[in-house]
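S.K.: predicted model and sequence below, questions to follow.
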Amino acid sequence: MTQEFNPQVLDDIISAHQCNPSAVIAILQDIQERYHYIPREIFQPLSRRVGLSEARIYAVVTFYENFSLEPKGRFIVKVCDGTACHVRKSTPILERLRKELALSPEKVTTDDQGFTVETVSCLGACGLAPVLTVNDKVYPAMTPDKVSELVESLKKELGYATH
Amino acid sequence: MTKGIMTIDGVTVEIGDERNVLELIRKTGVELPTFCYHSELSIHGGCRMCIVEDDRGGLIPSCSEEPRDGLVIKTNTQRLRRYRRNILELLLANHCRDCTVCGNSGDCRLQDLARSFNLNEIRFVNTAVDPKTDHSSKCISKDLNKCILCGDCVRICNEVQQVGAIDFAYRGSHMRIATPFDEPIADSACVGCGQCAAVCPTGAIIVKNDINNVWRELDSRETLVTVQVAPAVRVALGQAFGFKDGENSMGLIVAALRRLGFDRVFDTSTAADMTVMEESREFAQRLLTLQSMPLFTSCCPAWVNFVEKRFPQLMPHVSTCRSPMQMFASVIGEEYKNGDKRHIHVAVMPCTAKKFEASREEFKINGQPNVNYVLTTQELIQMIHQSGLKWDTLEAEGIDTPFSVLTGAGVIFGVTGGVTEAVLRELADDRSPAGLKRISFVGVRGQAGVKEAKVTVDGRELAIAVVSGLGNAADLIQDILAGTRKYDFVEVMACPGGCVCGAGQPVAPLERRSARGPGLYAADRLSSIKRSEENPLMSQLYNGVLKNRSHELLHVHYPGHAAH
């Protein structure tokens, strides 16, 4: 779930980088690590403290695919679709995931912000193909059925009512 | 000491202090095409139109190459022509091609170059998407279909003005010029200075156009249309009709305005005298109380916007004087409010931000703006063209009574340092002609972005700063806030060089723009009255319409004034 925005957290992150405008990417990465996305509320205070315009920060955030302006789910599932994973059938895995969570290429986050499903071009773990990660924990040699089990257990962790 | 020799198209050229090969090439008399190169901005190297070929067949973007000894280049080969043509064709592939209905038609570098490269066919399907034109601002419109991503607007907004309202957003084929979160320009950090429109080589950012509204009022029989013309307009408008840069064409402008159908023509310089009177009084008052020092001038609406948006805590420093345009509008409004006809007031300004100022709630009476329409110098030029009026056949005419007297102090308002000089003439201890002349040498004149002067008034030494360009103003404010610089009076004009270089003026390169300021000083020399107070109209106004009402009619309290 998305955490409430806390100005103190932002202040600490910026201070850790000495308000350095050339560290804006690192600052944004730290913010994203904390909130799983870049909250809109950070733009004005960040702009004031590091001396970059809000438009420039927006430019950086939109340039890099890795930054998200949309709130992300508690669990961020990254399905590898690199060549090795692709030929070892990552597509059915992705389809099963989306079906279980009622997501699509356009809608990547569940309404309750429990899950976000993304694809990545290569996780660099081709020997484990097809592979996916959940919040940086690696799940190797996946199958659609294993995905269903995984989703089930993650839902439990979120406190979903199971049937 | 020579820095070396270069060979350009077979011609030997000595390297001087040029920043790059492009400047050297232009010095040899070759006008290489560019979109993204402006001498006053940082080098972007994005448009690739200025590529040249070296003797080994290598391609060099000349704008981002330092001149060096022994370099041999060609600027016009078959290969270069083909490349430039291809670049143009690719730029046009996703560009709106409706030139005839574009606001910048005829004043567009893309159009000019497409024509000169004989580009009569584009091989690619037009992939211009159709994002909506942003009309939210009162001053400018932004149409991304006409954008070639040269970044000129981004760099002038960030580097020169430090407003930072826009930047590149997204990447690759999705890249576009955007405000944060693509919010409407009116809601962004934009202050309406319009410098982005002045540097835009296409019609992607254009100044809002109010011509049709003004024609409608001129056509109507039920209206009395009065017009005021700002000082800076007279030294730039003539440029469109073959006048020399900086040549004063006020008499012909007045004649043209009458022929276009304006009923009364006035000169904003007259109102500048009122501004001097009020501002000197306010300054003298603040020198006694020492509250909210330094005093910031308030003539420039983009500057006022800038303080409101960026440094709201400093709003109490901004003078409560209305700008000359608004002072005049209230006085003219009083004069004609009881006439038989509906009174419409138009202002011809060198400025885009004035369009916003005219629409501010503070300057409306019963919902009606005191200035109904603001035309830029460029719009007036366009109206003269539309009307078919032949400039050469016009004969100079004078402005109308009852506001027909002006001073040299009012005229120089149009150039950076002018407001300060006019105020100093008012406050100076020595008011002899020689004394007044000395004021012009204390350091308030000239094109520099930041000028400092020390003047003694009533035995007290005053520190004065004259700033043009919002970036310079932002730097100065940071220093004032940090306590490293101290002033009593700070004049700020948002556009580098002052109003004469406003975004509503005809677009011209820096060296041509800089002739406009001297044009206004020449008009000042010719004027018989140099000090605002000596304008006989002032005592008439202060004993008449302004009696007991000068605060109501000539001052304004912006929200920020009260909040702090």
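M.R.: Happy to help now that I have it.
S.K.: what sits against the most centrally placed residue in chain A?
M.R.: The centroid of chain A falls nearest to residue A:76 when counting by CA atoms, centre = their mean (4.9 Å). Counting by CB atoms under 8 Å, 6 or more residues apart in numbering or on different chains, residue A:76 makes contact with A:36, A:115, A:116, A:118, A:134, A:135. In this view, the C-beta of every residue, glycine as well, is placed from N, C-alpha and C.
S.K.: which of those residues are buried?
M.R.: With neighbours counted using 16 or more other CB atoms under 10 Å in any protein chain shown, these contain these buried positions: A:36, A:115, A:116, A:118.
S.K.: got the residues of chain B near chain A?
M.R.: B:158, B:163-171, B:178-181, B:188-189 (CB under 8 Å from any CB of the partner chain).
S.K.: which of these sit farthest apart?
M.R.: Spanning the widest gap among the residues of chain B next to chain A are B:163 and B:171, at 23.6 Å by CB to CB.
S.K.: which of the buried ones among the contacts of residue A:76 lies closest to chain B?
M.R.: Closest approach between the buried ones among the contacts of residue A:76 and chain B, by CB to the nearest CB: residue A:118, at 17.4 Å.
S.K.: so how far is residue A:76 from the closest one?
M.R.: Residue A:118 sits 7 Å away from residue A:76, going by CB to CB, to the nearest Å.
S.K.: which residue does chain A have closest to chain B?
M.R.: For chain A, CB to the nearest CB, closest residue to chain B: residue A:53, 2.4 Å.
S.K.: who's in contact with that residue?
M.R.: A:47, B:158, B:163, B:164, B:165, B:167, B:189.
S.K.: which among these count as buried?
M.R.: A:47, B:158, B:163, B:164, B:165, B:167, B:189.
S.K.: so which of those residues belong to strands?
M.R.: Judged by DSSP state E, strands contain the following of the buried ones among the contacts of residue A:53: residue B:167.
S.K.: most centrally placed residue in chain B?
M.R.: Centre-most residue of chain B, counting by CA atoms, centre = their mean: residue B:502, 1.0 Å.
S.K.: ok, longest helix in chain A?
M.R.: helix A:144-158 (DSSP state H).
S.K.: which residues are in contact with it?
M.R.: Contact with helix A:144-158 is made by A:74-75, A:92-93, A:95-97, A:100-101, A:114-115, A:132, A:134, A:139, A:142, A:162, as judged by CB under 8 Å, 6+ apart.
S.K.: quick check, nearest of the residues of chain B next to chain A to chain A?
M.R.: Closest to chain A, out of all of the residues of chain B next to chain A and judged by CB to the nearest CB, is residue B:164, at 2.4 Å.
S.K.: so how far is residue B:152 from the closest residue to that closest one other than its chain neighbours?
M.R.: Closest residue to residue B:164 apart from its sequence neighbours, by CB to CB, 6 or more residues apart in numbering or on different chains: residue A:53 at 2.4 Å. Distance, residue A:53 to residue B:152, using CB to CB: 16 Å.
S.K.: longest helix of chain B?
M.R.: Criterion DSSP H: the longest helix present in chain B is helix B:268-289.
S.K.: list the neighbours of the next helix or strand after that helix that are in contact with it.
M.R.: Proceeding N to C from helix B:268-289, the next assigned helix or strand is strand B:295-296, under DSSP states H and E. With contact meaning CB under 8 Å, 6+ apart, strand B:295-296 is reached by B:282-283, B:286, B:303, B:307, B:314, B:317-319, B:488-490, B:492.
S.K.: now with 6 Å?
M.R.: Residues from elsewhere that reach strand B:295-296 (CB atoms under 6 Å, 6 or more residues apart in numbering or on different chains): B:283, B:286, B:317, B:318, B:319, B:489, B:490.
S.K.: wait, residue A:59 sits on residue B:164?
M.R.: No - the pair residue A:59 / residue B:164 is not scored as a contact, 10.3 Å apart, by CB atoms under 6 Å.
S.K.: near chain B, which residues of chain A show up?
M.R.: Applying CB under 6 Å from any CB of the partner chain, one finds that chain A approaches chain B through A:53, A:54, A:55, A:56, A:58, A:59, A:62, A:63.
S.K.: show me what contacts the second one?
M.R.: Residues counted as contacts of residue A:54 (CB under 6 Å, 6+ apart) are A:43, A:47, B:180.
S.K.: so which of those residues comes closest to residue B:30?
M.R.: Of all these, residue B:30 sits closest to residue B:180, with 40.9 Å by CB to CB.
S.K.: is it true that that closest one touches residue A:58?
M.R.: Yes - contact criterion CB under 6 Å: residue B:180 and residue A:58 qualify, at 4.1 Å.
S.K.: quick check: residue B:230 touching residue B:347?
M.R.: No - using CB under 6 Å, residue B:230 is not in contact with residue B:347; the gap is 7.1 Å.
S.K.: how many neighbours does residue 111 have?
M.R.: This is for chain A. Neighbours of residue A:111 under the rule other CB atoms under 10 Å in any protein chain shown: 8.
S.K.: wrong one, chain B
M.R.: Neighbour count for residue B:111, taken as other CB under 10 Å: 19.
S.K.: quick check, it in a helix?
M.R.: Yes - assessed with DSSP: H, G, I helix; E, B strand; the rest coil, residue B:111 lies in a helix.
S.K.: what's the spacing between it and residue B:128?
M.R.: Per CB to CB, residue B:111 is found 16 Å from residue B:128.
S.K.: mind checking pLDDT for the closest residue to residue B:87 other than its chain neighbours?
M.R.: Excluding its sequence neighbours, the residue lying closest to residue B:87 (CB to CB, 6+ apart) is residue B:48, at 5.6 Å. Listed pLDDT for residue B:48 reads 93.
S.K.: how close does residue B:48 get to residue B:149?
M.R.: Residue B:48 sits 12 Å away from residue B:149, going by CB to CB.
S.K.: now residue B:474
M.R.: Distance from residue B:474 to residue B:149, by CB to CB: 26 Å.
S.K.: so residue B:487, which of the three states?
M.R.: coil.
S.K.: for it, what are its contacts?
M.R.: Residue B:487 neighbours (CB under 6 Å, 6+ apart): B:294, B:463, B:465.
S.K.: mind telling me what element the last one is part of?
M.R.: The one in question is residue B:465. Assigned by DSSP H and E, residue B:465 falls within strand B:460-468.
S.K.: could you check the angle the longest helix of chain B makes with strand B:460-468?
M.R.: 140 degrees (axes from the mean of the first three to the mean of the last three CA atoms, to 10 degrees).
S.K.: buried stuff in helix B:268-289?
M.R.: The neighbour-count check on helix B:268-289 (16+ other CB under 10 Å) flags B:268-280, B:282-283, B:286-287 as buried.
S.K.: what do you get for stretch B:6-15?
M.R.: B:6, B:8, B:9, B:13, B:15.
S.K.: distance between the ends of that stretch?
M.R.: Length of stretch B:6-15, first residue to last, CA to CA, to the nearest Å: 7 Å.
S.K.: related to what we said a few turns ago, now intersect the buried ones among the contacts of residue A:76 with the strands, please.
M.R.: Per DSSP E, those map to strands at A:115, A:116, A:118.
S.K.: surely the second one and residue A:103 touch.
M.R.: No - using CB under 6 Å, residue A:116 makes no contact with residue A:103, being 8.4 Å away.
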